[in-house]
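Participant: sequence first, then the predicted structure, then my questions.
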Amino acid sequence: MSHSLSLLFYIKKSKADEHGKANIYLRITLDGRRAECSIHRKIQSSEWNPKTQLALGNSMVAQEINRELGVIKNKIYSIQHQFQREEKEYTAIALRDAYLGKDKTQKMLLEIFQEHNTEVESLIGKDFAAGTAERYRTCKKHVASFIKKKYKKNDIPVQDIDHKFITGLEYYLKTTRKCAHNSAIKYITNFKKIIRISHANDWIDKDPFLHWKAKLKIVDREFLTEQELQTLVEKEFRIDRLNHVKDIFVFCCFTGLAYADVKKLSKNNIVMGITGDQWIKINRSKTDTRSNIPLLPIPQTILQKYAHSSELSENGLLLPVLSNQKMNAYIKEIADLCGINKHLTFHLARHTFATTVTLSNGVPIESVSKMLGHTSLKTTQHYAKILDRKVNEDMQLLKSKLANFDKEENLKINQIQ
């Protein structure tokens with residue numbers, strides 16, 4: 001069916017503001033029926049030509065407005081052609097609503113987020129780790145709180161997300177939620193996935209993350225020195241729970257296992273190597289990458305210590321690992337009793353394995369990367385940078401000693417002369 005379509009741009013001088021600027025309107029007429037809307041641009045009444053339906057002059061503003069009017073015309077005609085290709089019946093109002101985006105079913109941001117999180121949780125143990133699902137749940141809570149605070153709403157259309165929303169969310173995380181810079185950036189990156197899903201499904205027209213770049217700050221990772229590790233190994237406590245936690249922490253210092261991996265460590269993960277030595281072979285919970293780690297004498301001794309535990313045997317596990325919260329709490333207590341003035345966390349054991357136990361003793365970085373189960377060598381190289389700084393500090397200390405030595409030798413020579 002053929003339609004008679006005409007477009008008209010006009011202003012209402014009578015409704016100009018105090019500065020003499022009037023809104024530009026679009027009138028769509030189809031088969032004698034009209035639909036109107038504002039294009040959300042203003043112009044001085046004296047600078048509008050009603051005959052040409054264009055802005056007067058060659059100023060930058062006039063050129064910009066005229067270009068935009070041309071774009072709008074093309075978009076309306078494009079919508080009409082799409083309706084015709086799809087053999088849809090349409091009116092002037094339908095054309096206007098399609099141009100304004102009102103014809104689209106609005107997808108709500110938090111609904112999309114929840115759909116994603118539900119899918120992630122259903123794939124725990126297959127495609128995702130439990131910790132990943134937890135991070136997405138926490139991220140959704142932060143986004144929901146931000147929307148409530150900023151917009152006084154329980155949810156907003158995903159089409160309303162723009163660059164301003166993203167930067168506002170980042171500021172909210174750092175101030176109201178007291179997140180450290182890297183934590184805030186990681187939450188924003190989690191949120192970015194939801195927006196990518198929306199963009200891929202055409203629920204939004206453009207990616208608001210186009211001009212947002214993630215910039216993580218390099219954080220120096222603490223680790224135990226050889227002396228601190230030796231102190232910890234030799235320390236015995238009167239309280240059994242502290243000895244248990246110390247054993248597991250030391251075990252991780254000499255194997256590089258993360259908390260989630262040592263917690264699930266079973267007899268099936270201990271295998272014999274081609275030379276008859278024992279190895280740990282386990283898929284990392286975080287990345288599902290394979291870690292192959294030869295068992296050193298200290299972790300072997302620790303495994304033997306708990307080998308006859310009936311409670312562990314029932315579950316097929318090798319070590320009595322407590323909850324992550326309790327482990328970290330007891331490790332801090334152990335650090336105080338050992339006189340170690342560092343902020344000890346369970347993950348620090350993994351850093352100690354990478355630096356003090358392996359790299360410092362000449363183990364090639366490629367081998368360390370494989371034992372840690374890193375998916376990229378760049379991740380392991382950060383530990384090498386820490387060691388470079390340590391070497392530099394040691395050399396500075398050596399320089400000061402040599403300087404004192406030179407002074408003493410010069411003094412002796414002067415006395416002889």
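Facilitator: Cool, the structure landed.

Participant: only C-alpha atoms for contact and neighbour calcs from this point on.
Facilitator: Noted.

Participant: is Lys148 in a helix, a strand, or coil?
Facilitator: In three-state terms, and counting by DSSP: H, G, I helix; E, B strand; the rest coil, Lys148 is helix.

Participant: do Val271 as well
Facilitator: For Val271, the assignment made with three-state DSSP gives strand.

Participant: ok, Ile298 next?
Facilitator: Going by three-state DSSP: Ile298 is helix.

Participant: surely it meets Phe254?
Facilitator: Yes: using CA atoms under 8 Å, Ile298 is in contact with Phe254, at 7.4 Å.

Participant: between the two, who's got more neighbours?
Facilitator: Neighbour count, other CA atoms under 10 Å: between Ile298 and Phe254, Phe254 has more, with 24 against 15.

Participant: quick one, domains of the protein?
Facilitator: Residue ranges of the domains in the chain are recorded as 5-100, 109-200, 239-382, according to automatic domain parsing.

Participant: go through those domains and name the closest to Leu402.
Facilitator: Closest to Leu402 of these is domain 239-382 (CA to CA; 23.8 Å).

Participant: now that closest one: how far from the chain's centre is it?
Facilitator: How far domain 239-382 lies from its chain's middle: 26 Å, per CA atoms, centre = their mean, to the nearest Å.

Participant: can you get me the start-to-end distance on it?
Facilitator: End-to-end distance of domain 239-382: 37 Å, with CA to CA, to the nearest Å as the criterion.

Participant: what about that domain, average pLDDT?
Facilitator: Per-region confidence: domain 239-382 scores 88 on mean pLDDT.

Participant: is it possible to get CSV of the domains of the chain that adds distance to Lys401?
Facilitator: Output for the domains of the chain, formatted as CSV (distance: least, CA to CA, whole Å):
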stretch, distance to Lys401
domain 5-100, 69
domain 109-200, 39
domain 239-382, 23
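
Participant: list just the one of those domains that sits closest to Pro208.
Facilitator: The closest of the domains of the chain to Pro208 is domain 109-200. By CA to CA, the value is 4.9 Å.

Participant: contacts only, for Lys332.
Facilitator: Lys332 makes contacts with His343, Leu344, Thr345, as judged by CA atoms under 8 Å, 6 or more residues apart in numbering.

Participant: go again with 6 Å.
Facilitator: Lys332 makes contacts with Leu344, as judged by CA atoms under 6 Å, 6 or more residues apart in numbering.

Participant: go on, Lys399?
Facilitator: When contacts are counted by CA under 6 Å, 6+ apart, Lys399 is found next to no other residue.

Participant: ramachandran angles for it?
Facilitator: When quoted as degrees, to the nearest 10, the phi and psi of Lys399 stand at phi -60, psi -40.

Participant: and Ser291, which helix or strand is it part of?
Facilitator: Per DSSP states H and E: Ser291 is located in strand 290-294.

Participant: sheet-wise, list the partners of that strand with their directions.
Facilitator: strand 278-283 (antiparallel) (DSSP bridges).

Participant: related to what we said a few turns ago, could I have the CA atoms of the strand holding Ser291 written out in CSV?
Facilitator: Coordinates of the C-alpha atoms in strand 290-294 are reproduced here as CSV (Å, rounded to 0.1, in the frame of the first residue of the first chain):
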residue,chain,number,x,y,z
ARG,A,290,45.7,-27.2,35.2
SER,A,291,48.3,-26.8,37.9
ASN,A,292,51.1,-29.5,38.1
ILE,A,293,53.2,-29.0,41.3
PRO,A,294,56.0,-31.3,42.5
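
Participant: counting contacts, what elements does the longest strand anywhere in the chain pack onto?
Facilitator: If each strand of the chain is counted by residues according to DSSP state E, the longest one is strand 33-44. Here strand 33-44 touches strand 21-30, helix 92-100, going by 3 or more CA pairs under 6 Å, 6 or more residues apart in numbering; DSSP states H and E.

Participant: in the stretch 301-417 of the chain, which spans are helices?
Facilitator: Counting by DSSP state H, counting those that start in this stretch, one finds helices in the stretch 301-417 of the chain at the ranges 310-315, 324-338, 348-352, 365-372, 377-416.

Participant: how much does the fourth one deviate in direction from strand 290-294?
Facilitator: Inter-element angle recorded for helix 365-372 and strand 290-294: 110 degrees (by axes from the mean of the first three to the mean of the last three CA atoms, to 10 degrees).

Participant: now do the buried residues in the helix or strand containing Asp261.
Facilitator: For Asp261, the element it lies in under DSSP H and E is helix 259-263. Judged by neighbour count using 16 or more other CA atoms under 10 Å, the buried positions of helix 259-263 are Tyr259, Ala260, Asp261, Val262, Lys263.

Participant: so who does the last one touch?
Facilitator: When you say that, I think you mean Lys263. With contacts taken as CA under 6 Å, 6+ apart, Lys263 has the following neighbours: Val321.
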